[in-house]
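In: Just a sequence and a predicted model for now, questions to come.
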Amino acid sequence: MRRTTVALFGTMLGTSLMIAAKMGTAKPGGEDIFAAADAGVGTESSAEPLPTPQDGATSAPAPTSAPGQPQPTAATTTAAARPTTPPTTRPPATGYKDGTFAGPGVTQKYGTIKVTIVVSGGRITSVTATYPTGGETGSINANAIPKLRQSTLNAQSASISTVSGATYTSNAFKSSLQGALTAAKA
Amino acid sequence: MHRVEFVMGTAISVEIAGAVAPKLATAMTEQAFAWFRSVDSRFSTYKDDSEVSRFARGELAADVSSPGFREVLCECSRLWDETQGYFDVYAGGSYDPSGYVKGWSVQVASDRLLAAGIVDHCINAGGDVRVHGRTDSGELWRVGIRHPWESTKLAWVLESTNLAVATSGTYERGLHVINPRTGKPADQLCSVTVSGPDLGVADAYATAAMAMGEAGLQWLASLAGYQSSAVTVDGRAYVSDGWRSVA
């Protein structure tokens, strides 16, 4: 099999360079996926939060943080902690109270997510999250705690055997990269 | 040995590499295309007398349909369940298993080549790819994933000796994937590629993720045994943890 360098066909694509410029404007960070998404699935957020052993309260929104309580950082900022079990020790001067804290439950487009943190020795030792598992909205999240990672999208040329892409018509094939590769192999 | 034919409304290429007797390579290539033509005659939604068209009109009962037709019916039903209803052969109103059939038919063709001892081959049906073994020069097959906006450029390149790669995208035929929950065309993702062991499953997964929209980015990450990449309409690109692009 003869290999073909895709760059050979690059000149055909001069006109698409303007479109390519769009790639530079890609939003950084995949974290806004919840806010930006509108899959048309379950905007009513019917899913109930999973009951957790330490959760005696409802998912009604709580104040974002208890007065005077240090603001947790990073992953815990979406759900402010509120003690649901008695603290086992007095809080260190600059740390958190020891204990298990369940957040108020944050309703996203796909359901309610509740974050629970465990504090030991004034440090957060564990962060867990419950995701909706029932109903239409929850079903997508059920086994999908991880997300795809944001990546860079480069327009590149490389030596390849074949091309995977959206299904082209017989006519479109003739002017496609796969068509060119096929011609090169003929 | 490399041959291209226009079947199923697209171009299908079958490439047999390695040291295979020319007679055998020719016979197996012909057999593969005979299979694709048979699939087209039974599953085309454009042919009034195909099994799919007759089934959709209520003129064909599943129990008297061909074995392949029943297999597709069962697999699509299983995939509907597995994709939480987003891979829906009834999304467009009437029975249309096209989102599975093309990938499935290539997988069957590849399995048949393998069973005949033809280890080194590459089949590409309109952008759905199955590679096995090595190229003529003894290297890994390199599958380029088309860049959604630059038609002769690539976004990623996968290398393998045994892989299925399916892509669903809006850049060739527009917004053709329907979100079955809303009945409207899915327009949040412009390209989804799924790679893994089985091309029919990869094809259906890619279609389901397209239908889900951005929620599909989470769902794709949860798939066992299948890796994926996706590009949103506004140019954000995402890949699963196990996605290994070599370029």
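Out: Great, that's in hand. Residues are numbered from 1 along each chain as shown, chains lettered A, B, ... in the order given.
In: And the pLDDT for residue 1?
Out: As the question left the chain open, I've gone with chain A. On the pLDDT scale, A:Met1 is placed at 44.
In: nope, chain B please
Out: On the pLDDT scale, B:Met1 is placed at 91.
In: ditto for B:Ser98
Out: B:Ser98 is assigned a pLDDT of 93 by the prediction.
In: quick one: it and B:Val39 touch, right?
Out: No - distance between B:Ser98 and B:Val39: 10.9 Å, which falls outside the contact criterion (CB atoms under 8 Å). Just so you know, the C-beta spots here come from the backbone N, C-alpha and C atoms, and that holds for glycine as well.
In: Those two: which is more packed in?
Out: B:Val39 (24 against 19; other CB atoms under 10 Å in any protein chain shown).
In: hang on, the more buried one packs against B:Glu71?
Out: No - here B:Val39 does not reach B:Glu71: they are 11.4 Å apart, not a contact under CB under 8 Å.
In: so B:Val231 sits in a helix?
Out: No - under the criterion used here (DSSP: H, G, I helix; E, B strand; the rest coil), B:Val231 is strand, not part of a helix.
In: Report the secondary structure state of B:Ala206.
Out: For B:Ala206, the reduced secondary structure class is helix; criterion used: three-state DSSP.
In: correct me, but it touches B:Thr193?
Out: Yes - under the criterion of CB under 8 Å, B:Ala206 is in contact with B:Thr193, at a separation of 6.5 Å.
In: Overlap of the contact sets of these two?
Out: Shared contacts of B:Ala206 and B:Thr193 (CB atoms under 8 Å, 6 or more residues apart in numbering or on different chains): B:166-168, B:228.
In: Now, those residues that are in helices?
Out: Using DSSP state H, no member of these sits in helices.
In: Throw those residues into a markdown table and include distance to chain A, thanks.
Out: Conversion of those to a markdown table gives the following (distance: CB to the nearest CB, whole Å):
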| residue | distance to chain A |
| --- | --- |
| B:Ala166 | 7 |
| B:Thr167 | 5 |
| B:Ser168 | 6 |
| B:Ser228 | 7 |
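In: List the buried residues of the lengthiest helix in chain B.
Out: If each helix of chain B is counted by residues according to DSSP H, the longest one is helix B:22-43. By neighbour count with 16 or more other CB atoms under 10 Å in any protein chain shown, helix B:22-43 contains the buried residues B:25, B:28-29, B:32-33, B:35-36, B:39-40, B:42-43.
In: average pLDDT for it?
Out: Helix B:22-43 shows a mean pLDDT of 97.
In: touching chain A at all, it?
Out: No - under the criterion of CB under 8 Å from any CB of the partner chain, chain A is not reached by helix B:22-43; the shortest gap measures 12.1 Å.
In: Please state the offset of stretch B:123-143 from the chain centre?
Out: Relative to the mean C-alpha coordinate of its chain, stretch B:123-143 is positioned 14 Å out (CA atoms, centre = their mean, to the nearest Å).
In: And that stretch, end to end?
Out: 11 Å (CA to CA, to the nearest Å).
In: Tell me the helix or strand right after the longest helix of chain B.
Out: Moving toward the C-terminus from helix B:22-43, the first helix or strand encountered (DSSP states H and E) is helix B:51-56.
In: Determine the set of other helices and strands touching that next one.
Out: helix B:22-43, helix B:67-82 (3 or more CB pairs under 8 Å, 6 or more residues apart in numbering or on different chains; DSSP states H and E).
In: how does it look with 6 Å?
Out: Secondary structure elements in contact with helix B:51-56, counted by 3 or more CB pairs under 6 Å, 6 or more residues apart in numbering or on different chains; DSSP states H and E, are absent; no helix or strand qualifies.
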